[in-house]
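[1] need a structure here:
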Amino acid sequence: MMRFNDPIIWTFLPTPIVLDFIKSLPYKLFIYYCTDNFQATSKSAGKIAKYEQKVAQKADIVFVMANSMFSRLAKFNKNIYCIPMGINTKVFTQYKKSYLKPLEIKNITTRIIGYIGGIRDIIDQELIKYLASKFYDYTFIFVGPIQTNISNLKSLKNVIFTGEKLHTDLPAYIQHFEACIVPYLKNQYTDNVSLAKLNEYLIMGKPVVSTTLEETENFNKNNGEILYIAKDYQDFSRLLSEAISEDSAEKRTQRQNIALHNSWDKKIEQMQKVIDMTIKERIKVNLNWQDQLLEIYSFVRKRVVNLLALLVFAWLTIFYTPLIWFLAKPLKINQQTLKPADAIVVFAGGVGESGRAGQGYEERVQYAVELYNKGYAKSMIFSSGYAYAFNETVVMKALAVSLGVPANSIFLEDRAKNTYENVNFTKEILEQNKWQEILLVSSPYHMRRVALVFNKTAQDIKVTYAPIRNSLFYLHPIRDSYGEKTRKQVTTQQIRAILHEYLGILYYWQKGWI
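    Residues are numbered from 1 along each chain as shown. Alright, predicted model coming up:
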């Protein structure tokens, strides 16, 4: 058994689970390190943005990676510090200059302009096309995973995409670049990005040309205007020529020194000083604990006793009576008589049910496989657009295949971001295969919303609802760690999930989806 004494809790995600965790565990410090603007990242990431204010308010220290994050969170916490992305210097300082050219650029005889990082929708593809035409005697190399449609760029003769590479392999590519670029579109997301690649370019001594982004401009101001910042396409072309022509041994040394100053060792040293200072301040405050205790006692005695009594009554009513399950009963659709269908459709959970990635998809897949093995259908459809490391449908398919379902019997619908899209995108697959009858597997308390959407938008599909029979998430009465029943009837997570379903139905009604 692990025994913790006054731990320092450090989180990168402002989730409800973190808030519950700090309520139940005594700690020395609670630190929130904000590395992303969740509202600007994606709709799924935006779901946790509403909890960020509470996490920032509860934190003893808030670290942020970008100045825009600082501005957003400073109103919730005064003990906030901006510490941008650092660099693992060893990867770039210990590489051997004698490395052979990587295979993709081995036979290139022209000079090279390079980019490292994910090829995402934040790349300004029109800018790349413009530069490729202006610098026709150069080759543009893009090193990183392709995460968006690049069909417009693949036809360019002097543009090459290598695909994803190991981080340790990057120096072998960068050493052959004449200049490095950051060709990003300017938007709310990119203005919040702290770019590790800036220091990775600089530590290799390479000149860097970037579009006008808030964080690259801040980096430039704080590091002696070391970057070339372009206002538009023509300016980018001009500065790229200037960066290459002005390059010198003196400038390369200057760039490397800046990157070394931005190493993760330096960043962690800055954070450690802040943490030590905060702990010392807390110790000073705690020395006067007797006066604080008397004040708290007086306040509670005069103003809070009645409120506490009311809260205790409410707490007991909510958590120790079947009230919540009575209120949740209309959400359920009892399992109907099962009969053979064209396909078994499984709607996955993403983070909508509990706030935890992947919650519940295993038991949904297992139940669907059970129905498949009993011969209720010869095909399965997994629907979910949620991705956490991997797309959820890919993980579901892997589980189903491991349980004996042939891979060619499984269809994946990986675009849906909500139940409404689950239904409509699944309907497209059904229509393509001329299927009209399905068994629908999902969470028991999610079925009502699913049925309402089917009744509105897919009336021609005959649906037999088959909710999972023994949902671990919705298990009640509650059992303790030894498997014994407790007097508690419901958990906070279960209440949140049931409320989520009711609010979802209300929202869908407002949108006209049901």
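[2] Every contact and neighbour count from this point should use C-alpha atoms.
    Will do.
[3] Contacts made by the helix or strand containing I324 with the rest, please.
    Assigning secondary structure by DSSP states H and E places I324 in helix 323-328. If you take CA atoms under 8 Å, 6 or more residues apart in numbering as the criterion, helix 323-328 is touched by T317, I318, Y445, V490, I495, I498.
[4] For the residues you listed, pick the one with the most neighbours.
    The most neighbours of any of those, using other CA atoms under 10 Å, belong to Y445, which has 24 neighbours.
[5] Tell me who's in contact with that residue.
    With CA under 8 Å, 6+ apart, Y445 has these contacts: A328, L331, K332, I333, I498, E501.
[6] Kindly state the pLDDT recorded for the second one?
    The predicted structure scores L331 at 92 on the pLDDT scale.
[7] Counting neighbours, what do you get for it?
    The local packing count at L331 equals 18, with neighbours defined by other CA under 10 Å.
[8] Give me the phi and psi for it.
    L331 adopts backbone torsions of phi -70, psi -20, taken as degrees, to the nearest 10.
[9] quick one, what contacts it?
    Per CA under 8 Å, 6+ apart, neighbours of L331: P444, Y445, H446, M447, R448, R449, E501.
[10] how far away is the last one from K332?
    In this case it means E501. Relative to K332, E501 is positioned 11 Å away (criterion: CA to CA, to the nearest Å).
[11] Give the residues shared as contacts by these two.
    Any residue near both E501 and K332 by CA under 8 Å, 6+ apart counts here, and that gives Y445, H446.
[12] So between these two, which is more surrounded?
    In this view E501 and K332 are compared by other CA under 10 Å, and E501 has more residues nearby, 20 against 15.
[13] follow-up on the earlier one: let's see the helix holding I324 as PDB, backbone CA atoms only.
    These are the backbone C-alpha positions of helix 323-328, laid out as PDB (Å, rounded to 0.1, in the frame of the first residue of the first chain):
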ATOM      1  CA  LEU A 323     -34.800   9.600  -5.200                       C
ATOM      2  CA  ILE A 324     -32.300  10.000  -8.000                       C
ATOM      3  CA  TRP A 325     -33.100   6.600  -9.500                       C
ATOM      4  CA  PHE A 326     -36.800   7.400  -9.400                       C
ATOM      5  CA  LEU A 327     -36.200  10.700 -11.200                       C
ATOM      6  CA  ALA A 328     -33.900   8.900 -13.800                       C
END
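[14] Check the spacing between A59 and M277 real quick.
    For A59, the distance to M277 under the criterion CA to CA works out to 15 Å.
[15] Same drill for the two, tell me which one is more crowded.
    For A59 against M277, the residue with the higher neighbour count under other CA under 10 Å is A59, and the figures read 23 against 11.
[16] Surely the more buried one and I31 touch.
    Yes. Distance between A59 and I31: 5.4 Å, which falls inside the contact criterion (CA atoms under 8 Å).
[17] Mind splitting the chain into its structural domains?
    With automatic domain parsing serving as the domain definition, the record reports that the chain contains domains spanning 8-86+266-281, 89-262, 289-319, 329-511.
[18] and those, which one is worst for confidence?
    Least confidently modelled of those is domain 289-319, at a mean of 76 by mean pLDDT.
[19] what about stretch 166-186, start to end distance?
    From the first residue to the last, stretch 166-186 extends over 28 Å; the measure is CA to CA.
[20] Residues in contact with that stretch: which ones?
    Contacts of stretch 166-186 with the rest of the structure, by CA under 8 Å, 6+ apart, involve 91-92, 95, 97, 99-102, 111-116, 122-124, 127-128, 190, 201, 204, 206-213, 240, 243-244.
[21] Could you list the buried residues of it?
    Buried residues in stretch 166-186, counted by 16 or more other CA atoms under 10 Å: 170-185.
[22] Would you pull up how far it lies from the middle of the chain?
    Computed by CA atoms, centre = their mean, to the nearest Å, the chain-centroid distance of stretch 166-186 equals 24 Å.
[23] got it, and stretch 151-171?
    For stretch 151-171 - counting by CA atoms, centre = their mean - the centre lies 25 Å from the chain centre.
[24] Which positions in that stretch come out as buried?
    Applying a neighbour-count criterion of 16+ other CA under 10 Å, the buried positions in stretch 151-171 are L153, N158, V159, I160, F161, T162, G163, L170, P171.
[25] what packs against the longest helix seen in the chain?
    Using DSSP state H to assign secondary structure, the helix with the most residues in the chain is helix 264-286. Helices and strands touching helix 264-286, as assessed by 3 or more CA pairs under 8 Å, 6 or more residues apart in numbering; DSSP states H and E, are absent.
[26] Just the C-alphas of that helix, formatted as CSV.
    Extracted as CSV, the C-alpha positions of helix 264-286 are listed here (Å, rounded to 0.1, in the frame of the first residue of the first chain):
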residue,chain,number,x,y,z
TRP,A,264,13.4,22.1,-19.8
ASP,A,265,16.1,22.1,-17.0
LYS,A,266,15.9,25.9,-16.9
LYS,A,267,12.1,25.8,-17.0
ILE,A,268,11.9,23.3,-14.2
GLU,A,269,14.3,25.3,-12.1
GLN,A,270,12.0,28.3,-12.5
MET,A,271,9.0,26.3,-11.4
GLN,A,272,10.9,24.9,-8.4
LYS,A,273,11.7,28.4,-7.2
VAL,A,274,8.0,29.3,-7.4
ILE,A,275,7.0,26.1,-5.6
ASP,A,276,9.5,26.6,-2.8
MET,A,277,8.5,30.3,-2.3
THR,A,278,4.8,29.3,-2.2
ILE,A,279,5.4,26.6,0.4
LYS,A,280,7.4,29.1,2.6
GLU,A,281,4.6,31.6,2.4
ARG,A,282,2.0,29.0,3.4
ILE,A,283,4.1,28.0,6.4
LYS,A,284,4.2,31.6,7.5
VAL,A,285,0.4,31.9,7.2
ASN,A,286,-0.1,28.6,9.1
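[27] buried sites along that helix?
    Using 16+ other CA under 10 Å as the test for burial, helix 264-286 gives W264, K267, M271, V274, I275, T278.
[28] Once you drop chain neighbours, what's closest to the first one?
    What it means is W264. G86 (4.6 Å; CA to CA, 6 or more residues apart in numbering).
[29] Please look at the one you found and K267 and confirm they touch.
    Yes. When contacts are counted by CA under 8 Å, G86 is listed as touching K267 (6.5 Å).
[30] Identify the residues contacting the nearest residue to F161 once chain neighbours are set aside.
    Of all residues beyond its chain neighbours, the one nearest F161 is F142 (4.8 Å), with distances taken as CA to CA, 6+ apart. With contacts defined as CA under 8 Å, 6+ apart, the neighbours of F142 are G114, Y115, I116, G117, I119, V159, I160, F161, T162, G163.
[31] How about the contacts made by the last one?
    G163 makes contacts with F142, V143, G144, P145, I146, as judged by CA under 8 Å, 6+ apart.
[32] Check the gap between it and R415 for me.
    Using CA to CA, we find G163 at a distance of 23 Å from R415.
[33] same check, this time on T109
    Here the criterion is CA to CA. By it, T109 lies 42 Å from R415.
[34] And those two? Which one has more around it.
    The residue with the greater number of neighbours, taking T109 and R415 and applying other CA under 10 Å, is R415; the counts read 16 against 10.
[35] host element of that one?
    Here R415 is covered by no helix or strand, with elements defined by DSSP H and E.
[36] ok, now how distant is it from H446?
    As judged by CA to CA, R415 and H446 stand 19 Å apart.
[37] same question, S383
    For S383, the distance to H446 under the criterion CA to CA works out to 14 Å.
[38] What of H476?
    From H476 across to H446, the span is 17 Å (CA to CA).
[39] ok, those two, which is more surrounded?
    Taking neighbours as other CA under 10 Å, H476 and H446 compare with H446 leading, 25 against 17.
[40] Surely the more buried one touches L503?
    No. With contact defined as CA under 8 Å, H446 and L503 do not form a contacting pair (11.8 Å).
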